[in-house]
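S.K.: Sharing a model that was predicted from the sequence below.
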Amino acid sequence: MSQTVGMTRLAYSRTWHHISASTPHSVLSTFKPTPKRMTESSDPNKPPPHMTPPPMGRLASRIAYILMGKHKPIWDPSTDCGDYVVVTNCSALYLTGKKKWQKTYYRSNTRPGSLRSITMDALIEKFGGGEALRRAVSGMLPKNRLRTKRLERLKVFEGDKHPYEENLSRYNGVKVGQTGWEEAVKKIREPDNYRL
């Protein structure tokens, strides 16, 4: 008897996810304290004016979760079943507190006197916000031989344009992550509910 249930091969296929570092997210974002005179926006598709973009730590943990494939029912720590992630607008990366000036990155080639350090603001100025996000994601992935393969599937861009537009997953023409994509998935899956 087979041990697989359903379409396992389809579950192992890699999909492309798009995340914008500057757009507020319904789950990952936080709210700034606001005065009482500020009211919620009337447009349901537009985020409230006091909602911030997701902070770098929450964004990095969600990206690491997708790169590992933990959102799939077939996840196993020893197999590489994660997806691709495209992150845009890394130049507008949202950082909380004083970590932009206090966080220090170290590197060394193990020889005496070779320890080098750079702060986060100097790193962002030199390499861009994508490098800081990549290092945060790298620290959240398991330290094993799969980490470099998983990091290769992370594509970061400083602006809004990227060459992977055609690879992004769509349902009825709506990209995954945009408003209305969950309703498009429900419409596609309605006939399957009647068959069961």
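M.R.: Nice, thanks for sending it over.
S.K.: In which helix or strand does the residue nearest the centre of the chain reside?
M.R.: Central residue of the chain (C-alpha atoms, centre = their mean): residue 63, 3.4 Å from the mean position. For residue 63, the host element (DSSP states H and E) is helix 56-68.
S.K.: Quick one: the strands in the chain, in order.
M.R.: Here the chain has its strands, by DSSP state E, at 16-20, 84-88, 104-107, 116-119, 154-156, 170-171, 174-175.
S.K.: In JSON lines, list these along with mean neighbour count, mean pLDDT and distance to residue 76.
M.R.: Bear in mind the C-beta positions are built from the backbone N, C-alpha and C, glycine included. Below are the strands of the chain laid out as JSON lines (neighbours: other C-beta atoms under 10 Å; pLDDT from 0 to 100; distance: least, C-beta to C-beta, whole Å):
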{"stretch": "strand 16-20", "mean neighbour count": "20", "mean pLDDT": "89", "distance to residue 76": "20"}
{"stretch": "strand 84-88", "mean neighbour count": "22", "mean pLDDT": "95", "distance to residue 76": "19"}
{"stretch": "strand 104-107", "mean neighbour count": "11", "mean pLDDT": "95", "distance to residue 76": "32"}
{"stretch": "strand 116-119", "mean neighbour count": "12", "mean pLDDT": "96", "distance to residue 76": "37"}
{"stretch": "strand 154-156", "mean neighbour count": "21", "mean pLDDT": "96", "distance to residue 76": "20"}
{"stretch": "strand 170-171", "mean neighbour count": "16", "mean pLDDT": "81", "distance to residue 76": "27"}
{"stretch": "strand 174-175", "mean neighbour count": "16", "mean pLDDT": "81", "distance to residue 76": "28"}
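S.K.: Tell me who's in contact with the residue lying closest to residue 149 once chain neighbours are set aside.
M.R.: Spatially, and ignoring its direct neighbours in sequence, residue 149 is nearest to residue 80 (5.9 Å; C-beta to C-beta, 6 or more residues apart in numbering). Applying C-beta atoms under 8 Å, 6 or more residues apart in numbering, we find residue 80 in contact with 69, 146, 149-150.
S.K.: ok, residue 80 to residue 140 distance?
M.R.: Using C-beta to C-beta, to the nearest Å, residue 80 is found at 16 Å from residue 140.
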